[in-house]
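1. Quick one, what's the 3D model for this:
(2 chains)
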Amino acid sequence: MPETILELANVTKTFKGKTAVNDVSFSVKRGQITGFLGPNGAGKTTSLRMSLGILTPDRGKVTLFGSKPGAKALDRVGFLPEERGIYRRMKVIDVIVFFARLKGVEAGEAKKRGLKMLDEFELLHAAEQPVKTLSKGMAQKVQIISTLVHQPEFIILDEPFSGLDPVNQKSLERIVRAQADAGRTILFSTHVMEHAERLCDKILLIANGTKIFDGSVKQALGEVPRRIFLETVSEHDLVALLDAYGDVRRDEGGEAGVRCWSLDLAPEADAQDVLKACVDAGVKLTRFEPVRAHLHDAFVHLVENAGQTIEETADA
Amino acid sequence: MRNIYLIARREFLSYVATWGFWLSLASVPLFMAVGFGFLAFLENSQPTRHYVLVDESGGDLERAILNGISAQPAALREEVLEQASELITLPPQAQQMLESSLGSMFADDGYERVNPGSTDLESLRPYLTGEANIETPAGPQPLFAAIYLRGSVDDGIEIEYWSANVTDDGLKGLIERALAAHMRSTRLLEEGVSSEVLAAADALRPVVRELNPEREGGSAEITLADRLPVIVGLAVGFVLWIIIFSVVNMLLTAMIEEKGNKVLEMMLASTRHHEILVGKLLGVAAVSATLLLFWTFLGSSGPLLISQFIPSADVPVNDITSAVLDPALLLPALGYFIIGYLMYGAIFLAIGSLCETLQDAQTLMSPLMLVMMAPMLIMMVAADAPDSAVVSIASWVPVWTPFIMLARLPHDPPMIELIGTTAVMLVTAVVVIWGSGVLFRMGSLNQANQETIKGWFSFGKKS
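-> Residues are numbered from 1 along each chain as shown, chains lettered A, B, ... in the order given. Model prediction:
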């Protein structure tokens, strides 16, 4: 059983009467890449700040490396906040050394590591330049180096992809993957599902301050009904024909004489059985397209369902 | 502690690397050096004022005025020299230089009589109103004033003083004093006092000995050594105010910049709020201490340098040095500086953490600036009347205590006030630092901004 790096148990935080995080519990295990997903304002940043002890929960308990978040535990963590900046007048290498030293790295070692990482990030030429002379993308790389230079065991990235162009997003994905391969535990928040789907071993979904999903990407995708798009040129009524396999709908559109349908498969149903039923009934199919669900669909589905649940709870 | 040290070090180095720091360092000695020269320059750069003097009484008054005007600057010069000699005994060469420069400053007070030909007011009016210029050896010049002297019915003298300049009354004063002296002499001569007796009476001066009732015998005489602590106390109070005022502004601008650049968020990922707050305060305190030490060094070594380079100058080096380095002043000054700085520094840091821009901060700064300006004015009152009720009451305002009590210390204020004001100041400092810490924490996490503070002071108002 892998070691638990971070654990939030029934944590609640309220600001001026508004509940930002409501009775949330989750844990992060060593070696995992965990995606912390949720719409804007869902409570992700507040949860991450409580994880590091920057904010204290009103109720519940936070454990980082087996104890309350403190200075020693913080030295083992690399945190890249959502709102981030660095000293604009300082030289790039000095900024990196400063943040490394705050994490307990000796000055000489910090400089050595900083220069090595700048080389890896193709920024060695800018080491002696003031930060203000760098482009936004370069400055963000320096921020990431400052977060990682002390070689933390646990890396927390709050919306790391926001503000990055596609090339730099790809580059950051590679960095996250490389850190994970080096045995680091990673927790990152995002509302861009593609990154989470590609990177995460596990995802946590939070909406309106409440946790609505905690599991693997596969499990999350299992929450979304599998869908098949069909187009027919025969007069068959697929609602009646395929009712046993799931929820069938007649869709708008299609060319003249073509009828469009969509079928959300029931959990135990199989697409092959649907195709066989159509063939056996003599349905003239011009399209039969099972669609693979994406995390985005799972996200929307889970958030919408959670919204209903929250509303129902409020009504009751 | 490690993080506090690292943050303080970074703050110190970032300030020392700025031009502002070096300008601040040089400002006090520079202003002192330039100040005197600038005053003399201002004095010399005054344009010569040309005036017309019309004596309708027969010529006696005119002579009296011309004699009086030439005598008065000399009297003023003597007065300044006398005051200077009370403070310092200069060698003969330096004395001559001072006399010569004072001589040029008080030569004729910048007034020159002219004779435009016509003396009736209607023909002089265009010159007085600036519509025409009079011819002088220096070329055409405006006429500053026209003075008509005539005897009045009751044996007095009537002066009609015509001038478009209603603020510069220097010439009027000179004439008034010269004629008053003339009238006095005339009356005494008429009463039978001989001119020799009159001259001897005018030359009479009392011998003043200032004595301290707390001492007896020869040691009761008040000397420069007695006055220096008062001067130094006041000077240290002002210097303290200048330093605190300069560095807390540095703190504020740096804090706003960090908030705007989102550096604070990065810092919070590595360290705690209180470490950031304390580290910043200590870093800027080190900047202030550098300024204070440099200025103290100058203040104490300046007289020594003068005595080294001008050996014949009787500079009371020991008196000045011991007044500057007197533990009875230096230690309280250090304490007041630390407490005053921590109070104001914490407040300004908290304000900075609530604001994204300087414009945001200005709303909160304005009332604070008024609070900070008050002790400057009260210290001036304390210089002359340290026991006045206003000064005494103001000493109890904790944010003013550091400055006002420093100015009062050489006057030996009552022990109850000394202890009481210090206790109130210490308690207030603790409360202010704690409150600022809370605000700083809220501000740095964007849980509060300048609107939050405004909201506190708008209770009862409905939006």
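2. C-alpha only now, for contacts and for neighbours.
-> Noted.
3. so A:I212 sits in a strand?
-> Yes: counting by DSSP: H, G, I helix; E, B strand; the rest coil, A:I212 is found in a strand.
4. contacting residues for it?
-> Residues in contact with A:I212 (CA atoms under 8 Å, 6 or more residues apart in numbering or on different chains) are A:204-206, A:302-303, A:306.
5. What residues does chain A have near chain B?
-> Proximity of chain A to chain B (CA under 8 Å from any CA of the partner chain) is limited to residues A:52, A:54, A:71, A:74-75, A:78-81, A:83-87, A:98-99, A:101-103.
6. Could you rerun that using 6 Å?
-> A:79, A:83-86, A:102 (CA under 6 Å from any CA of the partner chain).
7. okay, and the helix or strand of chain B with the least pLDDT?
-> Using mean pLDDT, DSSP states H and E, helix B:92-105 stands out as the lowest-scoring helix or strand of chain B, at a mean of 55.
8. Name whatever forms a beta bridge with A:K91.
-> Beta-bridge partners recorded for A:K91 (DSSP bridges): A:P130.
9. Touching, it and A:A126? I think so.
-> No: under the criterion of CA atoms under 6 Å, A:K91 makes no contact with A:A126, lying 8.6 Å away.
10. how far out from the middle of the chain is stretch B:405-421?
-> Centre-to-centre, stretch B:405-421 and its host chain are 22 Å apart (CA atoms, centre = their mean, to the nearest Å).
11. Buried residues, that stretch. List them.
-> B:405-411, B:418, B:421 (16 or more other CA atoms under 10 Å in any protein chain shown).
12. Equivalent analysis for stretch A:114-133, please.
-> Buried-residue list, stretch A:114-133, by 16+ other CA under 10 Å: A:114-115, A:117-118, A:121, A:123-124, A:126-127, A:130-131.
13. can you give me the helices in the stretch 151-300 of chain B?
-> Secondary structure of the stretch 151-300 of chain B (DSSP state H, counting those that start in this stretch): helices at B:170-190, B:195-202, B:224-260, B:263-268, B:273-309.
14. Any part of the shortest one near chain A?
-> Yes: residues of helix B:263-268 contacting chain A under CA under 6 Å from any CA: B:263, B:265-266.
15. who's in contact with that helix?
-> For helix B:263-268, contacts defined as CA atoms under 6 Å, 6 or more residues apart in numbering or on different chains pick out A:84-86, B:258.
16. and those, which are buried?
-> Buried subset of the contacts of helix B:263-268 (neighbour count, 16+ other CA under 10 Å): A:84-86, B:258.
17. from those residues, which is closest to B:R227?
-> Minimum separation from B:R227 among these (CA to CA) is found for B:E258, which lies at 46.7 Å.
18. pLDDT score assigned to the closest one?
-> At B:E258, the model reports a pLDDT of 78.
19. tally of neighbours for residue 209?
-> Assuming you mean chain A. Residues lying near A:G209 (other CA atoms under 10 Å in any protein chain shown) number 23.
20. that's the other chain; I wanted chain B
-> 10.
21. So it versus chain A, what's the distance?
-> The gap separating B:R209 from chain A is 61 Å, by CA to the nearest CA, to the nearest Å.
22. Grab the nearest non-local neighbour of that residue.
-> In this structure, B:R209 finds its nearest non-sequential neighbour in B:E221, 7.0 Å apart by CA to CA, 6 or more residues apart in numbering or on different chains.
23. How much space separates that neighbour from A:V176?
-> B:E221 is 82 Å from A:V176, where distance means CA to CA, to the nearest Å.
24. Repeat that for B:E191.
-> 110 Å.
25. neighbour-wise, which of these two wins?
-> Higher neighbour count among B:E191 and A:V176: A:V176, with 20 against 9, using other CA under 10 Å.
26. quick one: the helix or strand hosting the more buried one to chain centroid distance?
-> According to DSSP states H and E, A:V176 maps onto helix A:166-181. Put simply, helix A:166-181 sits 14 Å off its chain's centre (CA atoms, centre = their mean).
27. Buried by neighbour count: which residues of stretch B:4-14 qualify?
-> Neighbour count says stretch B:4-14 has B:4-12, B:14 buried, by 16+ other CA under 10 Å.
28. quick one: which of the residues you listed is nearest to chain A?
-> B:L6 (7.0 Å; CA to the nearest CA).
29. hmm, back to that, compile the buried residues of stretch B:4-14 into a markdown table and extend it with columns for distance to B:R177 and secondary structure.
-> Formatted as a markdown table, the buried residues of stretch B:4-14 follow (distance: CA to CA, whole Å; DSSP: H, G, I helix; E, B strand; the rest coil):
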| residue | distance to B:R177 | secondary structure |
| --- | --- | --- |
| B:I4 | 67 | helix |
| B:Y5 | 67 | helix |
| B:L6 | 68 | helix |
| B:I7 | 66 | helix |
| B:A8 | 63 | helix |
| B:R9 | 63 | helix |
| B:R10 | 64 | helix |
| B:E11 | 60 | helix |
| B:F12 | 59 | helix |
| B:S14 | 60 | helix |
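30. Please list all residues in contact with whichever residue of the stretch 51-200 of chain A sits closest to chain B.
-> In the stretch 51-200 of chain A, the residue that lies nearest chain B is A:G85 (4.4 Å; CA to the nearest CA). Residues in contact with A:G85 (CA under 6 Å, 6+ apart) are B:261-263.
31. And what about it, helix, strand or coil?
-> Applying three-state DSSP: A:G85 is coil.
32. Let's see the pLDDT reported for it.
-> For A:G85, pLDDT reads 78.
33. Name the helix or strand for A:L187, please.
-> strand A:185-190.
34. May I have the residues that are in contact with A:S216?
-> Listed by CA under 6 Å, 6+ apart, the contact partners of A:S216 are A:201-203.
35. Could you give the number of residues near the closest residue to it other than its chain neighbours?
-> The shortest distance from A:S216 to any non-neighbouring residue, by CA to CA, 6+ apart, is to A:K202 (4.3 Å). When neighbours are counted by other CA under 10 Å, A:K202 registers 22.
36. separation between the spatially most distant residue from the centre of chain B and B:A203?
-> In chain B, the residue that sits farthest from the middle, by CA atoms, centre = their mean, is B:G192; the gap is 49.4 Å. Distance of B:G192 to B:A203, computed by CA to CA: 19 Å.
37. What separation is there between the residue farthest from the centre of chain B and B:S185?
-> Distance, B:G192 to B:S185, by CA to CA: 11 Å.
38. go on, B:P367?
-> 58 Å.
39. Comparing those two, which residue is more hemmed in?
-> B:S185 (18 against 10).
40. Which residue comes closest to that one once chain neighbours are left out?
-> Per CA to CA, 6+ apart, closest to B:S185 is B:L198, 7.3 Å.
41. of all the residues in the stretch 251-400 of chain B, which ones are close to chain A?
-> Checking the stretch 251-400 of chain B against chain A by CA under 6 Å from any CA, the hits are B:261-263, B:265-266, B:269.
42. I'd like those residues as TSV, with pLDDT and neighbour count appended.
-> Putting these into TSV (pLDDT from 0 to 100; neighbours: other CA atoms under 10 Å in any protein chain shown) gives the following:
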residue	pLDDT	neighbour count
B:N261	73	17
B:K262	74	20
B:V263	80	20
B:E265	76	22
B:M266	78	23
B:A269	75	24
